[in-house]
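> fold the following and give me the result.
(2 chains)
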Amino acid sequence: MVYEVVVGDKAGGKPHRLELEETAGGWECRLDGQPVHIDALIPRRDVLSLLVDGRAYEIKREQTATDLHLWVGSTRFAVELRDPRSLRSRQKAAGDEKGPRKILAPMPGRVVRLLVAENSSVEVGQGIVVVEAMKMQNEIKSPKKGIVKKISATAGAAVNPGDVLAIVE
Amino acid sequence: MFKKILIANRGEIAVRVIGACREMGIATVAVYSDVDRAALHVRKSDEAYPIGPAPAAESYLRMDKILDVAKRSGAEAIHPGYGFLSENAKFAQACADAGVKFIGPTPHAMEMMGSKTRARQEMARAGVPLVPGTARGLASTEEGEEVAKRIGYPVMLKAAAGGGGKGMRLVHTRQELRSALESARNEAQRSFGDSEIYIEKAIVDPRHIEMQVLADEHGNTVWLGERECSIQRRHQKVLEEAPSPIVDAGLRRRMGEVAVRVAKAANYTNAGTVEFLVDRQKNFYFLEMNTRLQVEHPVTELTTGFDLVHLQIRVAAGEKLPFAQCDVEMRGHAIECRIYAEDPDNNYFPSPGKITVLLQPSGPGIRRDSGIYEGWNVPMDYDPLLAKLIGYGTDRQQAIMRLERALYEYFVAGIKTNISLFQRILRDADFQAGKLDTGYLDRLLAKANAAIASSAPERDIKALEKIAVIAAGMFAVLDPASPVGKNGGTGGTSSAGPASLPSNWKQKGRSEGLR
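Predicted structure coming up:
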């Protein structure tokens, strides 16, 4: 398998190239072209025990509907993993500025109100809808500048994480 | 002693009280709303009854339904926990009328402490030190200006019926006073249905230190040491410790004696907490009395050796306090972290949802009071407090080290939590030096996030980043059942399929090819 992996919250960070190949004794790993001697096992779901040249790491995976973080010890990294052979990954890598972006509910809650109308233009970071959970109101913001093509959220409706609230193009 | 107790609460505190009852050989009755059928407190209790829909006003705040369950189940007493009905004098009275013992103070004491202006008047009479200001609501803006001039700016406007920071305004100059008073009145009216506002001198960068008291129904009242609660955000406590880094034996005794005087002035019974503001010169002023068990009671339990819930139940059953003031000794140091379902990457907004992975720490010097389990869906309808992690050591330094170790082991996935915030606080130089005030946490959060996210130097971060890259790939190849490829912010869609997962077509093709 060959992956492109971006670490950090900034979009457009330089991807690392990771090659993993299963062998009789385990996995052969090359990171950015350099061989790395590793041993890995999953003792339970979302936990990885990784030995790298004798150094032991426990990595934990935190996954929500909208993003992925890995904890290496007590340091937390935002991680994005792409398969360079996949068309969608290539599109993503080409930049999120192009094409429509779906705005997903990051948590379960209730839509309190809509802040923009369909076909209005929005800036990066502008609030699109307000979702309430645990007595707090959370403004869900636009990830890009563009036109609000569609609003699927309706005021008063319950939403689940990953539900599409709106599409900005 | 009671044979059966109803716990009119949910979450970690209900689990905590149920545990204490089991230890004392008392049967327990849980109540739950529609979304809490699978909650831990329902699983742990001996009996459990539904009391209505998710909104608290239709379930956990319904006195009639709760008293009906008490009657049907034969519970002799009700433990209210904290929040919900715990400081509701009407509920305490309704319990008394129904012949069920309310485990807490009398309705009379709760009423006196429930109104901040009335409490101030009573405490002034009892000779308790108060922040200079008015003991009653302001009649007019002119009166406000007059009082502010006398006590000196800055002043704080507060709602008489207040709590949680609602109706509070800090005013620096006379020009700001009128509009601040108006908006405070409006907010107080909206939040509490009562627009009474009083005025106090604002203590700059105060500490918030509180004293635990306990009184039986035979006239014995003791203090059990202080808790430092200065680390707050949006007027909510986040981390508490006992003892306070600035309180010595002399100050502790003086605060304790004032707290006992406060309790006696209110004819207080059962467990309660007297809150003080402490200024830079270590002058302390009565703020309010909380007429319930506090969230942060474990730090007092660890440093005094007493079980406050056991004692609450024994006092409510009519027993005398089994010890005197001279038997109370504080030993060691305890720090509590409130683990909230909140997203540290999104301004600490609530993050309810399903807990997919839960790894919980234990071991020497670690206490965990928790209301959650792996696979449980944290409902969006209630307070985001999930659990409390408490570290205990022979001294503050050891308590900090043990907590850091336990936080390192603590892992919750599926929902976001504020665990990383505590790693930042515990490593912070000001926290380690005990330099705390109520503005501490806002200042810490204002510092650049990334720079403090880890104490590791830049070079180590780079090395760990490589580990994260390898781990991301290894998760994808070893644990493809979980969708690693589905990520990358709001652009991800379920139809795209994880990069690491073979598509259904591909899988189909392979399996058919094997035939």
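> ok, now which ones touch B:P364?
Shown in contact with B:P364 (C-beta atoms under 8 Å, 6 or more residues apart in numbering or on different chains): B:R402. Any C-beta I mention is one placed from the backbone N, CA and C, and that applies to glycine too.
> can you pull the pLDDT of it?
Predicted confidence (pLDDT) for B:P364: 98.
> so it: helix, strand or coil?
Per DSSP: H, G, I helix; E, B strand; the rest coil, the local secondary structure of B:P364 is coil.
> any idea how far apart the tips of stretch B:153-172 sit?
Start and end residues of stretch B:153-172 are separated by 6 Å (C-alpha to C-alpha, to the nearest Å).
> and the contacts of that stretch?
Residues from elsewhere that reach stretch B:153-172 (C-beta under 8 Å, 6+ apart): B:114-117, B:133, B:137, B:144, B:147-148, B:173-174, B:177, B:180-181, B:183-185, B:187-188, B:191-202, B:204, B:234-236.
> quick one, what contacts B:L277?
Listed by C-beta under 8 Å, 6+ apart, the contact set of B:L277 reads B:131, B:203, B:206-208, B:284-285, B:287.
> same for chain A: which of these are within range?
Subset of those in contact with chain A: empty, counting by C-beta under 8 Å from any C-beta of the partner chain.
> now the helix of greatest length in chain B, how far from the centre of its chain.
Longest helix in chain B by number of residues (criterion: DSSP state H): helix B:458-478. Helix B:458-478 sits 36 Å away from the centroid of its parent chain (C-alpha atoms, centre = their mean, to the nearest Å).
> now for it, which elements pack on it?
Helix B:458-478 sits against strand A:2-7, strand A:16-23, strand A:26-31, strand A:34-44, strand A:47-52, strand A:55-63, strand A:68-72, strand A:75-82, with contacts defined as 3 or more C-beta pairs under 8 Å, 6 or more residues apart in numbering or on different chains; DSSP states H and E.
> quick one: A:P15 and A:V6 touch, right?
Yes - A:P15 lies in contact with A:V6 (C-beta atoms under 8 Å); the separation is 4.9 Å.
> now the helices and strands packed on helix B:458-478 as JSON lines including distance to B:L311?
As requested, the helices and strands packed on helix B:458-478 are exported to JSON lines (distance: least, C-beta to C-beta, whole Å):
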{"stretch": "strand A:2-7", "distance to B:L311": "51"}
{"stretch": "strand A:16-23", "distance to B:L311": "58"}
{"stretch": "strand A:26-31", "distance to B:L311": "57"}
{"stretch": "strand A:34-44", "distance to B:L311": "40"}
{"stretch": "strand A:47-52", "distance to B:L311": "40"}
{"stretch": "strand A:55-63", "distance to B:L311": "39"}
{"stretch": "strand A:68-72", "distance to B:L311": "40"}
{"stretch": "strand A:75-82", "distance to B:L311": "41"}
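> so which of these gets nearest A:A105?
strand A:55-63 (15.5 Å; C-beta to C-beta).
> report the buried members of the contacts of stretch B:153-172.
B:114-117, B:133, B:137, B:144, B:147-148, B:177, B:180-181, B:184-185, B:187-188, B:191-192, B:194-202 (16 or more other C-beta atoms under 10 Å in any protein chain shown).
> can you name the farthest residue from the center of chain A?
A:A24 (32.7 Å; C-alpha atoms, centre = their mean).
> before we move on, the earlier item: among the buried ones among the contacts of stretch B:153-172, which lie within strands?
Applying DSSP state E to the buried ones among the contacts of stretch B:153-172, the entries found in strands are B:197-201.
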